[in-house]
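[1] A structural model of the following input is requested.
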Amino acid sequence: MENQRNISEFILLGLSYDKNTKIFCFVFFLLCYVALLAGNLLILISIRCSPLFDQPMYYFLIHLSTMDICYTSSVTPKLIGDLLVERKTISYGNCMLQVFTLHLFGGVEVFILTAMAYDRYVAICKPLHYMIIMSRTRCDLLVLGAWVGGAIHAFPLFIMAVILPFCGPNEIDHYFCDVFPLLKVACTDTYLTGVIVITFSGIMSLITFVILFLSYGIILYTLRNQSAEGRRKALSTCWSHITVVLLFFAPIIFVYLRPPTTYPEDKIFAIFYTIVAPMFNPLIYTLRNAEMKNTMRKLWCQSFF
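    Numbers count the residues shown, from 1 in each chain. This is a model prediction of the structure:
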């Protein structure tokens with residue numbers, strides 16, 4: 001612990017040193033963040049103020065939108081602010097907090113996506129028992145389970161980051177604090193810690209990804225017996241969910257499911273799962289969902305006119 005006290009802050013190397021690139025990134029990420037906040041807040045208000053709130057799928061969508069805002073806000077505002085300054089620093093305490101919040105909200109989001117896949121499975125494969133199985137009590141338990149799962153995922157990684165000794169260089173080759181970049185600047189052998197990180201992040205993501213795709217595979221197989229109209233509506237919803245899963249999980253698996261090291265390309269992949277995927281969630285869930293579009297049209301047209 002004495003070594004830790006020698007490091008009071010870390011220097012984030014960020015995405016680029018080029019001034020023009022930083023200006024472009026500032027404008028791009030600012031627009032992305034504003035779009036993410038506006039889109040998710042629009043979804044939250046639209047569902048909460050409409051009968052859709054009583055439907056399990058939209059109940060989970062409210063929690064997904066909330067997690068998108070919390071998850072991205074743990075990284076993006078700091079990134080946008082750092083693009084305007086020459087020396088990008090983060091205090092030791094804020095760095096550890098960023099590690100914890102990123103993995104907590106990210107873990108909760110993963111399990112919310114799993115709950116949404118389960119909801120679609122019940123709706124399509126067991127339609128006659130849907131409202132009984134997906135009661136509000138069960139939905140609340142699934143959301144509670146998502147928070148417990150997120151905490152189980154985040155706390156070990158947070159504790160490992162806190163106990164790492166830092167006594168030498170304090171430059172992190174990233175735009176936010178994460179466990180792998182911290183392992184690179186720690187003053188100890190971090191092989192075992194890296195293996196644990198792979199277990200808690202990489203393998204967990206891979207297992208969840210496989211479960212999600214198996215569930216959607218079963219759903220798509222079941223749809224062959226439905227009418228053309230029912231199949232079209234169900235496919236529209238399922239493809240939206242599958243798109244979200246791919247955008248979110250593919251870069252995460254690439255970054256975390258490999259030997260514990262860092263590459264310059266990791267920052268590009270991190271942009272996808274910290275900013276781009278959460279930004280596209282509102283678009284995917286509204287533009288490809290006729291029920292959601294009709295509800296928003298009625299709600300906001302009545303409000304304004």
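
[2] residues near Ile80, how many?
    When counting by other C-beta atoms under 10 Å, one arrives at 18 neighbours for Ile80. Every C-beta, even on glycine, is put in place using the N, C-alpha and C of the backbone.

[3] can you list contacts of whatever helix or strand it lives in?
    Remark: Ile80 resides in helix 76-82, with elements defined by DSSP states H and E. For helix 76-82, the external contacting residues (C-beta atoms under 8 Å, 6 or more residues apart in numbering) are 12, 14-15, 26, 29-30, 32-33, 36, 88, 90, 98, 175-176, 274-275.

[4] kindly recompute the last result at 7 Å.
    Leu12, Gly14, Phe26, Phe29, Leu30, Tyr33, Lys88, Tyr175, Phe176, Thr274, Ile275 (C-beta atoms under 7 Å, 6 or more residues apart in numbering).

[5] now that helix, how far from the centre of its chain.
    17 Å (C-alpha atoms, centre = their mean, to the nearest Å).

[6] could you give me the average pLDDT of it?
    Taken as a whole, helix 76-82 has a mean pLDDT of 91.

[7] pull out the buried positions in that helix.
    Thr76, Lys78, Leu79, Ile80, Asp82 (16 or more other C-beta atoms under 10 Å).

[8] Val255: which of those residues is nearest?
    Leu79 (16.5 Å; C-beta to C-beta).

[9] and the gap between that closest one and Phe180?
    Per C-beta to C-beta, to the nearest Å, Leu79 is found 17 Å from Phe180.

[10] could you point out which residue ranges in the stretch 101-250 of the chain have low pLDDT?
    225-227, 229-231, 233-234, 236-237 (pLDDT under 70).

[11] can you show me the strands along it?
    Using DSSP state E, counting those that start in this stretch, the strands found in the stretch 101-250 of the chain span residues 171-172.

[12] contact partners of stretch 243-251?
    By C-beta under 7 Å, 6+ apart, stretch 243-251 touches Leu113, Ser205, Phe209, Leu212, Phe269, Phe272, Tyr273, Val276, Ala277, Phe280, Asn281, Ile284.

[13] what residues of it count as buried?
    Residues Thr243, Val244, Val245, Leu247, Phe248, Phe249, Ala250, Pro251 are the ones in stretch 243-251 that count as buried (16+ other C-beta under 10 Å).

[14] could you give the separation of it from the chain centroid?
    9 Å.

[15] do the same with stretch 173-186
    The mean C-alpha position of stretch 173-186 is separated from the chain mean by 19 Å, C-alpha atoms, centre = their mean.

[16] returning to what we had before: which of the contacts of stretch 243-251 fall in helices?
    Among those, DSSP state H puts Leu113, Ser205, Phe209, Leu212, Phe269, Ala277, Phe280, Asn281, Ile284 in helices.

[17] give me the neighbour count for the fifth one.
    In other words, Phe269. Per other C-beta under 10 Å, the neighbour tally for Phe269 reads 16.

[18] give the contact list for it.
    So Phe269 contacts Pro251, Phe254, Val255 (C-beta under 7 Å, 6+ apart).

[19] does Tyr175 touch Lys267 like I think?
    Yes - counting by C-beta atoms under 7 Å, Tyr175 touches Lys267, with 6.1 Å between them.
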